[in-house]
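1. Model the following, please.
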Amino acid sequence: MCEDAGIVPRKPRKKTFSAAKVVREMARERVGSPKPSQLVKAKTTKAEKHKPTLGKLLADD
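-> Purely as a prediction, here's the structure:
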């Protein structure tokens with residue numbers, strides 16, 4: 001016997017009305033779609049929080 005025989009597919013949910021979506025659609029028709037966003041460049045690297053210890057300073061030389 002087939003095990004999947006008793007499974008019934010669910011009905012799709014009705015989409016709720018969203019006034020914001022309608023306003024955006026109308027604006028895109030009139031003005032056009034917005035420009036794609038640009039990547040934000042990374043900030044410069046931060047300074048170290050702690051000073052290097054004497055052991056690390058001597059080991060670097």
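2. Which pLDDT does the model give Ala20?
-> Note on Ala20: pLDDT of 93.
3. That one is in what secondary structure piece?
-> Here Ala20 sits within helix 19-30, counting by DSSP states H and E.
4. What average pLDDT does the next helix or strand after that helix get?
-> Using DSSP H and E, the helix or strand that directly follows helix 19-30 along the chain is helix 54-60. For helix 54-60, mean pLDDT rounds to 83.
5. from the chain's centre, how far out does helix 54-60 sit?
-> 43 Å (C-alpha atoms, centre = their mean, to the nearest Å).
6. Kindly format the C-alpha coordinates of it as CSV.
-> The C-alpha trace of helix 54-60 is given here as CSV (Å, rounded to 0.1, in the frame of the first residue of the first chain):
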residue,chain,number,x,y,z
LEU,A,54,57.1,43.2,27.2
GLY,A,55,57.4,39.6,26.3
LYS,A,56,55.7,40.2,22.9
LEU,A,57,57.9,43.2,22.2
LEU,A,58,61.1,41.3,22.9
ALA,A,59,60.0,38.3,20.9
ASP,A,60,59.3,40.5,17.8
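7. From the contact counts, what lies against that helix?
-> Using 3 or more C-beta pairs under 8 Å, 6 or more residues apart in numbering; DSSP states H and E, no helix or strand is in contact with helix 54-60. Placement of C-beta: from N, CA and C, glycine included.
8. Pass me the low-pLDDT residue ranges in the chain, would you?
-> 1-5, 61 (pLDDT under 70).
9. picking that back up, pull out the buried positions in the helix holding Ala20.
-> Neighbour counts over helix 19-30 (16 or more other C-beta atoms under 10 Å) mark no residue as buried.
10. contacting residues around that helix?
-> Applying C-beta atoms under 8 Å, 6 or more residues apart in numbering, helix 19-30 turns out to have no external contacts.
11. Tell me the gap between that helix and the middle of its chain.
-> Put simply, helix 19-30 sits 22 Å off its chain's centre (C-alpha atoms, centre = their mean).
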